[in-house]
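J.: kindly return the folded structure for what I paste below:
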Amino acid sequence: QLQLVESGGGLVQPGGSLRLSCAASGLTLDYNAIGWFRQAPGKEREGVSCISSSGGSTNYADSVKGRFTISRDNAKNTVYLQMNSLKPEDTAVYYCAATLDSICDYYTMDYWGKGTLVTVSS
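T.: Sure, this is the predicted structure:
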């Protein structure tokens, strides 16, 4: 059973940066595409970014393009989300999720972490 644990959330001022980590245990992530999602208060969960199992393919929501970068270190069984130039509207609980497939699809995630809270406020 694959377990995912997010970390790295916290309170940051607008314009600041955070790096989220998604650490996996139980199974290797070598063959899984990984996605980052977020859910703001009162809003539906949305896909933020996704990376293929090899790391060769990534995609981003329009709202975070140019500010967020997803990466993975399969040797550490960990996926990262570097978030720069943070805005108050980035405030949300951020979740990572894994699909059993090697390519990204926000709608076929099979395993989910419990989330980490990111608050962007002055």
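J.: quick one, grab the pLDDT at Ser63.
T.: According to the prediction, Ser63 has pLDDT 97.
J.: sheet partners, orientation included, of the helix or strand where Glu6 lies?
T.: Glu6 belongs to strand 3-7 when assigned by DSSP states H and E. Strand pairing for strand 3-7, determined by DSSP bridges: strand 18-25 (antiparallel).
J.: buried set for the strand it pairs with?
T.: Within strand 18-25, the residues scored as buried using 16 or more other CB atoms under 10 Å are Leu18, Leu20, Ser21, Cys22, Ala23, Ala24. Heads up, the C-betas are built off the backbone N, CA and C, glycines and all.
J.: for the helix or strand that it is followed by, packing partners?
T.: Counting by DSSP H and E, the element after strand 18-25 in chain order, helix or strand, is strand 34-39. Packing contacts for strand 34-39, counted by 3 or more CB pairs under 8 Å, 6 or more residues apart in numbering; DSSP states H and E, involve strand 18-25, strand 46-51, strand 68-73, strand 78-83, strand 92-98.
J.: can you list those in TSV and add distance to Gln3?
T.: Compiled in TSV, the helices and strands packed on strand 34-39 are given as follows (distance: least, CB to CB, whole Å):
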stretch	distance to Gln3
strand 18-25	5
strand 46-51	19
strand 68-73	17
strand 78-83	13
strand 92-98	10
